[in-house]
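1. Kindly return the folded structure for what I paste below:
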Amino acid sequence: MSQHEFRDPDAAARVRDSFARQGLMATLGAELILIAPGRVEIALPYRPALTQQNGYFHAGATAAIADSAGGYAGFTLFPAGTNVLTVEFKLNLVAPAEGERLVASGEVIRAGRTLTVCDLKVYGERGGRRTLCAAGMQTLIRVPVQA
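-> This is a model prediction of the structure:
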């Protein structure tokens, strides 16, 4: 588990508030299921509208929840008055994304003053059993909150 600590006691509330403002996450039907210092998990229930031609979750949906999970993992360690933006991320699709839901996990590898690097994993979940379907890395930038 993570050895990080929240810099802001309201970090979890800031993550929930920011997530609630994300139109894409709402459109996809994604939900936050874990917020811890340096770690966030997002679940995406299966719906045919989220699939590609073979019935698997589309890579775009897989990548979107991976990006948000990593971004919010980094955001948990940012001080109040700052925000998060993704600088880059790479995602390897290692197995078909299938199951009752996908669960994306973002975990901070290194939190810097400006840039933060996160590990990304996405699992297909069926009957409580998780199978890795995507793995990657992400770089985030801490920016001041825009007024």
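
2. Could you pull up the mean pLDDT of the longest helix along the chain?
-> Looking across the chain with DSSP state H, the single longest helix is helix 59-75. Taken as a whole, helix 59-75 has a mean pLDDT of 98.

3. who does it touch, helix- and strand-wise?
-> Under the contact criterion of 3 or more C-beta pairs under 8 Å, 6 or more residues apart in numbering; DSSP states H and E, helix 59-75 touches helix 11-20, helix 23-28, strand 39-45, strand 82-93, strand 101-111, strand 115-126, strand 129-144. No exception for glycine: its C-beta is placed from N, CA and C like everyone else's.

4. Any buried residues in that helix, and which?
-> For helix 59-75, burial by neighbour count (16 or more other C-beta atoms under 10 Å) applies to 61-75.

5. Please tell me how far the closest residue to residue 75 other than its chain neighbours sits from residue 92.
-> Distances taken as C-beta to C-beta, 6 or more residues apart in numbering put residue 84 closest to residue 75, at 4.3 Å, once the chain neighbours are dropped. Note on residue 84: its distance to residue 92, by C-beta to C-beta, to the nearest Å, is 23 Å.

6. Between those two, tell me which one has more neighbours.
-> residue 84 (20 against 10; other C-beta atoms under 10 Å).

7. Just to check, the more buried one is in contact with residue 74?
-> Yes. Assessed by C-beta atoms under 8 Å, residue 84 is found in contact with residue 74 at 5.6 Å.

8. which residues do the two both contact?
-> 140, 142 (C-beta atoms under 8 Å, 6 or more residues apart in numbering).
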